[in-house]
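Colleague: task: produce atomic coordinates for the following.
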Amino acid sequence: MDDPRDARIAAVAALDEPTRRRVYDHIARNSEPVSRDEAAAALEIPRTTAAFHLERLADLGLLDVVFERRTGRTGPGAGRPAKLYQRSKCEIDVSLPERNYDAAGLLLAAALQEAEQSGESPRVLLHRRAYGLGREFGETAPPVSGDHDAQATTLRVLEMHGYEPRVEGHDIVLLNCPFHVLAQEHPELICGMNLCLLGGLLDGLAIGELTAHLDPAPARCCVRLKPTA
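Modeller: Residues are numbered from 1 along each chain as shown. You can find the predicted model right below:
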């Protein structure tokens, strides 16, 4: 799937199938990788059923596949390594509407740690780091055919990061705040961080036609993108 959010939703939805959920739970409970035969025997299901669900979970990124020789023998005559499954090291999280509290937490923690070491203002460092992350978002955005103008490109990237952008006249408003709960509790701090992040994103996209401005309003993000004066 091209959209990472669609892939995460598909992965979580796959666990709604009862047998597949049992297979996943069994793998997750084991500290060592598990073979198809072992999963089938433990869950008392046919080997073909176990293999089908294990492969599906691996395709969705919920399991990792590893190959090991269970006999401990190596070299000629040792036989082919067994195909084994273990819980994926990737974390899959889905929220509706989209939230990104991990990014906020990492930015806040990094700014605080750097402030303790450097003596600089934590807020200044937070803004600098947020701008850098936003610029990285813009610079690393995957190219998509059909984006022929700055606005289309901006809308696409903002959608990728959960902002739910909409065009209002010459402006772009953001219907969703990825940091909603934090912004409700600490609006000045988090909205300032978000403003810098979006400013960096626009610079990373090299789009000079739009500028990020604070424009708080109920039920949407506190930042509005306006044409550059």
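Colleague: OK, contacts around A183?
Modeller: Residues near A183 by Cβ atoms under 8 Å, 6 or more residues apart in numbering: C177, I190, C191, N194, C222. Placement of C-beta: from N, CA and C, glycine included.
Colleague: repeat that for 10 Å
Modeller: When contacts are counted by Cβ atoms under 10 Å, 6 or more residues apart in numbering, A183 is found next to A104, C177, L189, I190, C191, M193, N194, P216, C221, C222.
Colleague: same question for R129.
Modeller: With Cβ under 10 Å, 6+ apart as the criterion, the residues that contact R129 are L106, L107, L108, A110, A111, E114, M193, C196, L197, G200.
Colleague: and of those, the nearest to A150?
Modeller: A150 has its nearest neighbour among the contacts of R129 in G200, at 16.0 Å by Cβ to Cβ.
Colleague: which helix or which strand is home to D37?
Modeller: In this structure, D37 sits in helix 36-43 according to DSSP states H and E.
Colleague: following that helix, which helix or strand comes up?
Modeller: For helix 36-43, the following helix or strand on the C-terminal side (DSSP H and E) is helix 47-59.
Colleague: coming back round to it: out of the contacts of A183, which one sits closest to D64?
Modeller: Of all the contacts of A183, D64 sits closest to A104, with 28.2 Å by Cβ to Cβ.
Colleague: correct me if wrong: that closest one contacts I190.
Modeller: Yes. Counting by Cβ atoms under 10 Å, A104 touches I190, with 6.9 Å between them.
Colleague: shared neighbours, those two?
Modeller: By the contact definition Cβ under 10 Å, 6+ apart, A104 and I190 are jointly contacted by L126, A130, F179, V181, L182, A183.
Colleague: just the buried ones from those?
Modeller: Neighbour counting over the shared contacts of A104 and I190 (16 or more other Cβ atoms under 10 Å) leaves L126, A130, F179, L182, A183 as the buried ones.
Colleague: and which of these is nearest A229?
Modeller: Taking Cβ to Cβ as the measure, A229 sits nearest to A130 out of the buried ones among the shared contacts of A104 and I190, at 23.0 Å.
Colleague: could you give the average pLDDT over the helix or strand containing the closest one?
Modeller: With elements delineated by DSSP H and E, A130 resides in helix 122-139, which encompasses its position. The predicted model gives helix 122-139 an average pLDDT of 97.
Colleague: list the buried residues for the helix or strand that it is followed by?
Modeller: If you walk from helix 122-139 toward the C-terminus, the next helix or strand you reach (DSSP H and E) is helix 150-160. In terms of neighbour count (16+ other Cβ under 10 Å), helix 150-160 has its buried residues at Q151, T153, T154, L155, R156, V157, L158, M160.
Colleague: next, the angle helix 122-139 makes with helix 150-160.
Modeller: Interaxial angle, helix 150-160 versus helix 122-139 (axes from the mean of the first three to the mean of the last three Cα atoms, to 10 degrees): 110 degrees.
Colleague: which strands and helices sit next to helix 150-160?
Modeller: When contacts are defined as 3 or more Cβ pairs under 10 Å, 6 or more residues apart in numbering; DSSP states H and E, helix 150-160 sits against helix 4-14, helix 122-139, strand 165-168, strand 171-174, helix 187-204, strand 210-214, strand 223-227.
Colleague: buried set for the helix or strand of the chain with the lowest mean pLDDT?
Modeller: Comparing every helix and strand of the chain by mean pLDDT, DSSP states H and E singles out helix 4-14 as the least confident one, with a mean of 83. Taking 16+ other Cβ under 10 Å as the neighbour-count basis, helix 4-14 is seen to contain the buried residues R5, R8, A10, A11, A14.
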